[in-house]
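Chemist: Mind folding the following:
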Amino acid sequence: MKTTLSLAISALFAVALPALAAPSSADVLIRHATVVDVEHARLQPGQAVAIRGQDIVAVGDDATLARQWQATQVVDAGNRYLIPGLWDMHVHFGGGPALVEENKALLPLYVAHGITTVRDASGDLPEQVLSWRGQIAAGQLFGPQLFTSGAKIEGIAPVWKGTLEAGDEAGVDAALDREQRDQVDFVKITDSTLKPELFLYALRQARQRGLRTSGHIPMALTVEQAVDAGISSIEHLDYAFKAGVKDEAAIAADFAAGRIDRAEANRRLRGGFDRDTAMAAYRRFAEHGVAVTPTLDGGRIIDFLDVEPHADDAYLAYIGPGLRKTYAWRVDRAAKATPQQIQDRHAHYAQVAAVLPMLQQAGVQIMAGTDAGFLNSYNYPGIGLHNELALYVREGLSAPQALAAATRAGPAWFGKLDRYGAVQAGKAADLVLLERNPLQDIGATTAINTVILRGQVQDRAALDALLDATRAQVKAWNAADAAD
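Modeler: Numbering: from 1, shown residues only. Predicted coordinates for the structure are as follows:
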């Protein structure tokens, strides 16, 4: 009888043993977090997040996970708001080989502002940026995850440097071969000297090769032609505005035939916008899966330089002297504008900005991107994304929609929502802890307490140290520049 009873008791303990098992091991455990579910625009308070290596391995009730997991490092979120890492989907590195180090110094600025991934839309340092991409992925260089187009595809003798020049279909094919050898993340095609028919050919060939594309659409083409040829993302809101012009095809044909110049084409475009035409075009964007990266603030900065000067911006302390000098050409050009031209600039900004909520209404994927980097005056890497998001809300998006544009749209475009865009088990441990609720106020994205990049915790002190180091380096460069 004793033997039978002992066996029964032993069996009961055997069943209970799993519940008494030792906690699982994690590298980081975030306690007492309010997780922001960006997809559904809702909050999940009282959560814990376990991180192992570069992965989120568990998310759930704080007390439950605290029993189930033990970690080398515990971060007390203090009920703050935990969001997926921010993505800037349009940045540039460039200014020539002499500015490589100044460009490299921009990388920590992105991380310090909660930006864990950037998409480089091509400059004149393509080989350097491709190298940085690999170094960052291998843990040899500190910076945000970097996707790049490598060298852009252009025509013969273009305005832009750092390009693959193509004067015929064979040239386009050779350029695409090069892009594939470089294993670029997408292809950038611009229109300085590239023939319109080659622009469309490049889009079609890239699509056949399984390559995503973005670019500047030639004035001699309609936006619809680019969409039909397979463009994956439209950079800059002006092109979306152009798609809403009722006589766009006639204007493009007149420009292609040489009957009008660019100034006259732009004048006719500004006067021909039609809401019904625009909504039909935007629904077509959505049907074809074409995203739009507005880069709204970059244009606004130049449009309003007359009333919002930036020469004394405190943020210039983080931008090297060589990069600051690249700002001059846009600033000088804006300064030469007549009063009528300045008035037209202001009006055009309002026209273009009004397109943004229409795109949202039509179901177009809006990707937050800044155009920050060299040449684009006072459009700053890091803080620029937060300024861009503030404009989205000012111009008609909700705070949750703006937040999604900076956390989910980029991963969606790259086909990586299985890995990014949410605080969930199985996702990458790229996270930002905010002091305030970004679903109520998009300005909360600037109130950063902690950034977690590839599983590594950067608390406020560490983020401030990144900013201090960049400022000190720029100060030294300024001194050397002044001495020359």
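Chemist: For Gly230, give me its contacts.
Modeler: Gly230 makes contact with Leu203, Arg204, Ala206, Arg207, Thr213, according to Cβ atoms under 8 Å, 6 or more residues apart in numbering. To be clear about C-beta, it is placed using only N, CA and C from the backbone, and glycine gets the same treatment.
Chemist: Please report the distance of it from His288.
Modeler: Relative to His288, Gly230 is positioned 8 Å away (Cβ to Cβ, to the nearest Å).
Chemist: Ok, Ser232 next?
Modeler: Shown here: Ser232 relative to His288, a distance of 9 Å by Cβ to Cβ.
Chemist: Show me which residues of the helix or strand hosting Ser131 are buried.
Modeler: Secondary structure assignment for Ser131, by DSSP states H and E: helix 126-137. Burial within helix 126-137, assessed by neighbour count using 16 or more other Cβ atoms under 10 Å, is assigned to Pro126, Gln128, Val129, Leu130, Trp132, Arg133, Ile136.
Chemist: what do you get for stretch 397-416?
Modeler: Buried-residue list, stretch 397-416, by 16+ other Cβ under 10 Å: 397, 399-414.
Chemist: Could you pull up the mean pLDDT of that stretch?
Modeler: Averaged across stretch 397-416, pLDDT comes to 98.
Chemist: Need the distance between the two termini of it.
Modeler: This stretch, stretch 397-416, spans 24 Å end to end (Cα to Cα, to the nearest Å).
Chemist: roughly how far is it from the heart of the chain?
Modeler: On the basis of Cα atoms, centre = their mean, to the nearest Å, stretch 397-416 sits 9 Å off its chain's mean C-alpha point.
Chemist: follow-up on the earlier one: next, format the contacts of Gly230 as a markdown table and append secondary structure, neighbour count and distance to Leu221.
Modeler: Rendered in a markdown table, the data for the contacts of Gly230 read as follows (DSSP: H, G, I helix; E, B strand; the rest coil; neighbours: other Cβ atoms under 10 Å; distance: Cβ to Cβ, whole Å):
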| residue | secondary structure | neighbour count | distance to Leu221 |
| --- | --- | --- | --- |
| Leu203 | helix | 26 | 10 |
| Arg204 | helix | 15 | 13 |
| Ala206 | helix | 26 | 16 |
| Arg207 | helix | 16 | 16 |
| Thr213 | strand | 22 | 14 |
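Chemist: coming back round to it: and the buried residues of stretch 397-416, which of them are in helices?
Modeler: Secondary structure from DSSP state H places 399-407, 409-413 of those in helices.
Chemist: May I see those residues arranged in a markdown table, with distance to Pro196 as well?
Modeler: Below are those laid out as a markdown table (distance: Cβ to Cβ, whole Å):
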| residue | distance to Pro196 |
| --- | --- |
| Ala399 | 40 |
| Pro400 | 39 |
| Gln401 | 34 |
| Ala402 | 34 |
| Leu403 | 37 |
| Ala404 | 34 |
| Ala405 | 30 |
| Ala406 | 33 |
| Thr407 | 36 |
| Ala409 | 29 |
| Gly410 | 29 |
| Pro411 | 32 |
| Ala412 | 29 |
| Trp413 | 25 |
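Chemist: Looking at those residues, which is nearest Phe304?
Modeler: The nearest member of those to Phe304, counting by Cβ to Cβ, is Ala402 at 20.5 Å.
Chemist: pretty sure the closest one is touching Glu395, no?
Modeler: No: using Cβ atoms under 8 Å, Ala402 is not in contact with Glu395; the gap is 9.8 Å.
Chemist: so how far is Gly171 from the closest residue to Gly410 other than its chain neighbours?
Modeler: When the adjacent residues along the chain are set aside, Gly410 lies closest to Trp87, with 3.6 Å between them (Cβ to Cβ, 6 or more residues apart in numbering). Applying Cβ to Cβ, one obtains 33 Å for the distance of Trp87 from Gly171.
Chemist: Lowest average confidence across helices and strands of this protein, where is it?
Modeler: Here the helix or strand of the chain ranked lowest by mean pLDDT, DSSP states H and E is helix 2-16, holding a mean of 43.
Chemist: And the next helix or strand past that one?
Modeler: Stepping forward along the backbone from helix 2-16, the first helix or strand reached (DSSP H and E) is strand 24-37.
Chemist: Could I get the buried residue list for that next one?
Modeler: For strand 24-37, the buried set under the neighbour-count rule, 16+ other Cβ under 10 Å, comprises Ala26, Asp27, Val28, Leu29, Ile30, Arg31, His32, Ala33, Thr34, Val35, Val36, Asp37.
Chemist: same question, stretch 302-322
Modeler: Ile302, Asp303, Phe304, Leu305, His310, Leu316, Tyr318, Ile319, Gly320, Pro321, Gly322.
Chemist: Among those residues, which ones are in helices?
Modeler: Restricting the buried residues of stretch 302-322 to those inside helices, with DSSP H as the criterion, leaves Ile302, Asp303, Pro321, Gly322.
Chemist: wait, which of those residues is closest to Gln360?
Modeler: Gln360 has its nearest neighbour among those in Asp303, at 22.1 Å by Cβ to Cβ.
Chemist: Isn't the residue nearest to Gly410 up against His113?
Modeler: No: counting by Cβ under 8 Å, no contact exists between Trp87 and His113, whose distance comes to 12.0 Å.
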